[in-house]
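1. dropping the sequence and predicted coords here.
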Amino acid sequence: MNVSMSALRKPLALAAVTAVMFSAVACSGADPTSAPPPASNTSASEPAAEPTPTTSASPTASPSATPSAKSTTNAQGNDALLAAGGLGSKEVSKGTVVSIESERNGWEVHVVSGAAGEEQQLRTDASGEQLVSGPTDDRPDAEDRAENQQFAQVAVSYKRAVRAVEGEVDGAEIRDLSLDQDNGRTLWEADVVVGSQQRQVQIDADNGKIVSNRVDD
């Protein structure tokens, strides 16, 4: 039987290749029958992307109310003064409150009544809501009666004078408020405490405008 050399070379070459493959697989420990791992889509030279940190959205702050330019920080004290004035108006029918002055345990209120310039006096507790004594006749002299007649005609009440002071002096605590005559004008004069400072504020009793605002030595 004649077999050519070329016919023998092909099987021998195939066997040699197969042997080399099994030898390489045996060295690497891989299963020759297992499928090769899928190729990674990430390039070896490309660094892995860092995870993006998650930031919780902060709640939207609701806009706060715009503070007024003149805020009264002693409204409670001024409310007591106003209450004392209101009690004076109630106790003296058709009267005009002409002064409200602080005392150790309350307020002293003076009210002008009648065309003759009569004047009544009363005292309240610290809240201004409870009557302690009075009203009693203050027995004004002739000069006081003439002045009281002018006071009874003022256009600006004690309430409006208080609001004018509060609008002028931030944090004003009014201790005394009274009508007075100054160079032919009728004025409301307010003795005010702001922190450790004492001030005097004058308000025109005809139009409610501030006349002066100064430190009271």
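-> Looks like it came in fine.
2. if you count contacts, what does the helix or strand harbouring A164 end up packed against?
-> Assigned by DSSP states H and E, A164 falls within helix 158-168. Secondary-structure packing of helix 158-168 (3 or more CB pairs under 8 Å, 6 or more residues apart in numbering; DSSP states H and E): helix 75-91, strand 173-182, strand 185-194, strand 197-204, strand 210-215. The C-beta positions use only the backbone N, C-alpha and C, and glycine is treated the same way.
3. rebuild these as a markdown table, extending it with distance to Q150, mean pLDDT and mean neighbour count.
-> Listed next are the helices and strands packed on helix 158-168 as a markdown table, based on distance: least, CB to CB, whole Å; pLDDT from 0 to 100; neighbours: other CB atoms under 10 Å:
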| stretch | distance to Q150 | mean pLDDT | mean neighbour count |
| --- | --- | --- | --- |
| helix 75-91 | 19 | 89 | 19 |
| strand 173-182 | 7 | 96 | 18 |
| strand 185-194 | 6 | 96 | 20 |
| strand 197-204 | 14 | 96 | 18 |
| strand 210-215 | 17 | 94 | 12 |
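4. a markdown table for the ones you listed, including distance to T136?
-> Formatted as a markdown table, the helices and strands packed on helix 158-168 follow (distance: least, CB to CB, whole Å):
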| stretch | distance to T136 |
| --- | --- |
| helix 75-91 | 11 |
| strand 173-182 | 18 |
| strand 185-194 | 24 |
| strand 197-204 | 28 |
| strand 210-215 | 32 |
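5. tell me the confidence at G171?
-> G171 carries a pLDDT value of 90.
6. next, count neighbours for D138.
-> Residue crowding around D138 was assessed by other CB atoms under 10 Å; the count is 16.
7. what sits against it?
-> Residues near D138 by CB atoms under 8 Å, 6 or more residues apart in numbering: 110, 119-121.
8. what's the answer for R145, then?
-> 116-119.
9. and it, that one's in a helix?
-> Yes - assessed with DSSP: H, G, I helix; E, B strand; the rest coil, R145 lies in a helix.
10. give me the distance between it and D137.
-> 12 Å (CB to CB, to the nearest Å).
11. do A146 as well
-> Separation of A146 from D137 (CB to CB): 17 Å.
12. what do you get for R123?
-> 14 Å.
13. for V156, grab phi and psi.
-> Per-residue torsions, V156: phi -100, psi 120 (degrees, to the nearest 10).
14. was I right about it contacting W188?
-> Yes - applying CB atoms under 8 Å, one finds V156 in contact with W188, separated by 6.6 Å.
15. thinking again about what came up before, between R123 and D137, which one's more packed in?
-> R123 (20 against 10).
16. name the nearest residue to A164, sequence neighbours excluded.
-> I203 (4.8 Å; CB to CB, 6 or more residues apart in numbering).
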